[in-house]
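> fold the following.
(chains A and B)
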Amino acid sequence: MEGAELAGKILSTWLTLVLGFILLPSVFGVSLGISEIYMKILVKTLEWATIRIEKGAPKESTLKNSASVGIIQRDESPMEKGLSGLRGRDFELSDVFYFSKKGLEAIVEDEVTQRFSSEELVSWNLLTRTNVNFHYISLRLTMVWVLGVIVRYCVLLPLRVTLAFIGISLLVIGTTLVGQLPDSSLKNWLSELVHLTCCRICVRALSGTIHYHNKQHRPQKGGICVANHTSPIDVLILTTDGCYAMVGQVHGGLMGIIQRAMVKACPHVWFERSEMKDRHLVTKRLKEHIADKKKLPILIFPEGTCINNTSVMMFKKGSFEIGGTIHPVAIKYNPQFGDAFWNSSKYNMVSYLLRMMTSWAIVCDVWYMPPMTREDGEDAVQFANRVKSAIATQGGLTELPWDGGLKRAKVKDTFKEEQQKNYSKMIAGNGSLN
Amino acid sequence: MTKNYSGLDVSSAKIEKLWSGREDFQRIPELAINPLGDRIINAFFPEGEDQVNFRGFMRTLAHFRPIEDNEKSKDVNGPEPLNSRSNKLHFAFRLYDLDKDDKISRDELLQVLRMMVGVNISDEQLGSIADRTIQEADQDGDSAISFTEFVKVLEKVDVEQKMSIRFLH
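Now for the predicted structure:
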């Protein structure tokens, strides 16, 4: 009897605390400053840890700047220079050197496959999962690490799971309730309130600290918002600061429930799996959506897949053919506090969320950028590349022309054929050989 | 050998996990579009085996160490280092010599040429390129290029620069 009573008391105090400190402020968009204090302590601890590691590490294995510079010195000269080629030179036996060197460079360090796995950190952030190369340094450091594990798994994780649970339930219940109302401005206002509150709760469930820059450029109604994609959390981060209409496939299970509930309160664009293949249908529906200036801006991730936040890969042109104003947004996570990248081949959604909830925090910067429209004489691909460059520059990410789809599919043969063509032009000259 | 590649320590764990079979290499886009990609991948796999381990991988990669690295570890009585000029040339020779008979025949030369030019040059044109190359290189009149003849043809080429990869620290 006593045990059950005690447990009941603890639970109710716990819930009251959560309600008071986290849920209520979320409704009003106010922050009590608890997370700021947590972040300050965290930053100090990590700085201390970095200094200890650097002191303790033997000279050869300090990885200063390894994350940005790379392992090998790459020779970026084009084929002509690499083959000491003037047009019309003849084939030489040494030509294979060029291709074999390029091939070996690609094997040691290629630009593409490294983007589909998590970024390596310059210095350890006291999470086991990022401990790839760091060796035992000192007892004190290990003690701090153990303390970190306890704090993360026993204190933070239950809190975060509670919050996530509350957040999602509120979202489903709230949007269903609001969906019962007839269409009116009250309904829209309420739906926005519900969305924002639940998103804020969910962000706190991840200990998220988000800095929004240039809020004056926040996407407007009737526009399309495009951003670089790192994880499903991107959606959460953007919707905490504004309401968007989502575009995506209809899922089953929990996602499906959330999707169906959300669409009752305000119009999102969900497609059946079969409809997604029909590009004209997709474009048509999106066009209809943005034509209605009262509807919320559409949120699209043109890369089509999650990339590890060190680079921006090819933007698929479909989103840029719809017309309308594009509002680019750059999202950059700080990997020191937690790795937000979802490696979908390695982790499923649930284990990914658990990893998120046992990291220190999710810290990111969001830059809203001035709207862009397609210029005359620019086709969709060029426009897509222009937007991609803008986002990459703003977020400090590298820009790659490769398709994110290479995560799962093989590269097209056309690229190889292009190289072969270039080489043939060199050795066959200008038609001098017949 | 491992301690000369401190930069690679970073990736060694990754390499062991990621790579063992040919498909893993073929998944690298920049290698997949390389015209000689398949031949290069072959260089990593010893006779008839389908798996490569870390040691084998490093042995092949060692051919591409810059020659000047040898100045630091001069071992007069030891075996010739894998990245000597001669061994680098041998690596390239093996890209051509598929049947490993120590001779590059006209057919083998044509095969490599075909890989590098794709469909852009006709058979006859390619054949004349191959014939000319063999003619220039062949000294003992067997219409094939032996390793010695190969080395002679390339004696003026800066093998060091063309076949070395510099590791940053």
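
> hey, let's count contacts and neighbours off CA atoms from now on
Noted.

> near chain A, which residues of chain B? Just list them.
In this structure, chain B approaches chain A at residues B:6-8, B:10, B:25, B:27-37, B:40, B:61, B:92, B:95, B:115-118, B:120-121, B:125, B:129, B:133, B:154, B:157, B:162-169, judged by C-alpha under 8 Å from any C-alpha of the partner chain.

> repeat that for 6 Å
Residues of chain B that fall close to chain A, judged by C-alpha under 6 Å from any C-alpha of the partner chain: B:7, B:29-31, B:33, B:116-118, B:163, B:166-168.

> how close does B:V52 get to chain A?
Taking C-alpha to the nearest C-alpha, to the nearest Å as the measure, B:V52 falls 13 Å from chain A.

> please export the C-alpha coordinates of the helix or strand that contains A:G103 as CSV.
Using DSSP states H and E, A:G103 maps to helix A:95-108. The C-alpha coordinates for helix A:95-108 follow below in CSV (Å, rounded to 0.1, in the frame of the first residue of the first chain):
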residue,chain,number,x,y,z
ASP,A,95,47.7,7.2,-69.9
VAL,A,96,46.6,4.5,-67.5
PHE,A,97,48.4,6.2,-64.8
TYR,A,98,45.9,9.1,-64.7
PHE,A,99,42.9,6.8,-64.5
SER,A,100,44.4,4.5,-61.9
LYS,A,101,45.5,7.4,-59.7
LYS,A,102,42.0,8.9,-59.9
GLY,A,103,40.5,5.6,-59.1
LEU,A,104,42.7,5.1,-56.0
GLU,A,105,42.0,8.6,-54.8
ALA,A,106,38.3,7.8,-55.1
ILE,A,107,38.7,4.6,-53.1
VAL,A,108,40.6,6.2,-50.3
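
> other SSEs contacting that helix?
Other helices and strands packing on helix A:95-108, by 3 or more C-alpha pairs under 6 Å, 6 or more residues apart in numbering or on different chains; DSSP states H and E, are helix B:29-32.

> any stretches of chain B with poor pLDDT?
Across chain B, the ranges flagged by pLDDT under 70 are B:1-20, B:69-78, B:169.

> show me where it has its helices.
With DSSP state H as the criterion, chain B has helices at B:6-18, B:22-26, B:29-32, B:37-44, B:54-62, B:85-96, B:106-117, B:123-137, B:147-153, B:159-162.

> buried ones in the helix or strand harbouring A:V350?
Take DSSP H and E as the rule and A:V350 turns out to sit in helix A:349-357. Within helix A:349-357, the residues scored as buried using 16 or more other C-alpha atoms under 10 Å in any protein chain shown are A:352-353, A:355-357.

> for those residues, which two are the farthest from each other?
A:Y352 and A:M357 (8.7 Å; C-alpha to C-alpha).

> next structured bit after the helix or strand encompassing A:Q382?
Assigned by DSSP H and E, A:Q382 belongs to helix A:380-395. Toward the C-terminal end, the helix or strand that comes next after helix A:380-395 (DSSP H and E) is strand A:398-399.

> gap between A:N228 and A:L238?
Distance, A:N228 to A:L238, using C-alpha to C-alpha, to the nearest Å: 12 Å.

> of the two, who's got more company?
When neighbours are counted by other C-alpha atoms under 10 Å in any protein chain shown, A:N228 and A:L238 differ, and A:N228 comes out ahead with 29 against 20.

> and that one, backbone torsions?
Note on A:N228: its backbone torsions stand at phi -80, psi 150 [degrees, to the nearest 10].

> hey, where'd the strands end up in chain A?
All strands of chain A, identified by DSSP state E, fall at A:72-73, A:208-213, A:224-227, A:245-249, A:269-271, A:298-300, A:311-312, A:326-333, A:362-368, A:398-399.

> could you give the mean pLDDT of the first one?
Meaning strand A:72-73. If you average the pLDDT over strand A:72-73, you get 70.

> about what we covered before: contact partners of the helix holding A:V350?
Helix A:349-357 is contacted from outside by A:157, A:206, using C-alpha atoms under 6 Å, 6 or more residues apart in numbering or on different chains.

> now the angle between strand A:362-368 and it, please.
Angle between the axes of helix A:349-357 and strand A:362-368 is 100 degrees (criterion: axes from the mean of the first three to the mean of the last three C-alpha atoms, to 10 degrees).

> need the CA coordinates for helix A:349-357. PDB is fine.
This file holds the C-alpha atoms of helix A:349-357, laid out as PDB (Å, rounded to 0.1, in the frame of the first residue of the first chain):
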ATOM      1  CA  MET A 349      12.900   5.400 -37.100                       C
ATOM      2  CA  VAL A 350      12.500   4.200 -33.500                       C
ATOM      3  CA  SER A 351      16.100   3.600 -32.800                       C
ATOM      4  CA  TYR A 352      16.900   6.900 -34.500                       C
ATOM      5  CA  LEU A 353      14.600   8.700 -32.100                       C
ATOM      6  CA  LEU A 354      16.000   6.900 -29.100                       C
ATOM      7  CA  ARG A 355      19.500   8.000 -30.200                       C
ATOM      8  CA  MET A 356      18.200  11.500 -30.500                       C
ATOM      9  CA  MET A 357      16.800  11.400 -27.100                       C
END
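
> off-centre distance for that helix?
Distance of helix A:349-357 from its chain centroid, counting by C-alpha atoms, centre = their mean, to the nearest Å, is 14 Å.

> how many residues are close by the closest residue in space to B:P66 that isn't next to it in sequence?
Excluding the flanking residues, the one nearest B:P66 by C-alpha to C-alpha, 6 or more residues apart in numbering or on different chains is B:S164, at 4.9 Å. If you count neighbours by other C-alpha under 10 Å, B:S164 ends up with 21.

> ditto for B:D38
Neighbours of B:D38 using other C-alpha under 10 Å come to 18.

> before we move on, what about A:V149?
A:V149, neighbours per other C-alpha under 10 Å, totals 19.

> quick check: the closest residue to it other than its chain neighbours vs chain B, distance?
Using C-alpha to C-alpha, 6+ apart and skipping residues adjacent in sequence, the residue nearest A:V149 is A:L127, 7.9 Å away. A:L127 sits 18 Å away from chain B, going by C-alpha to the nearest C-alpha.

> and if you look at A:G404?
11 Å.

> spell out which parts of the stretch 1-150 of chain A neighbour chain B.
Residues of the stretch 1-150 of chain A lying close to chain B by C-alpha under 6 Å from any C-alpha are A:71-73, A:101, A:103, A:106.

> tell me the most packed of those residues, by neighbour count.
In terms of neighbours by other C-alpha under 10 Å, the residues of the stretch 1-150 of chain A next to chain B top out with A:G103 at 25 neighbours.

> which residues touch that one?
Residues in contact with A:G103 (C-alpha under 6 Å, 6+ apart) are B:L31.

> for it, give me the pLDDT.
Looking at A:G103, its pLDDT is 86.

> now A:T16
The model reports A:T16 with a pLDDT of 77.

> and it, how many neighbours?
Burial of A:T16 is recorded as 13 neighbouring residues (other C-alpha under 10 Å).

> about what we covered before: which residues are in contact with the helix holding A:Q382?
With contact meaning C-alpha under 6 Å, 6+ apart, helix A:380-395 is reached by A:315, A:317, A:320-321, A:330, A:332.
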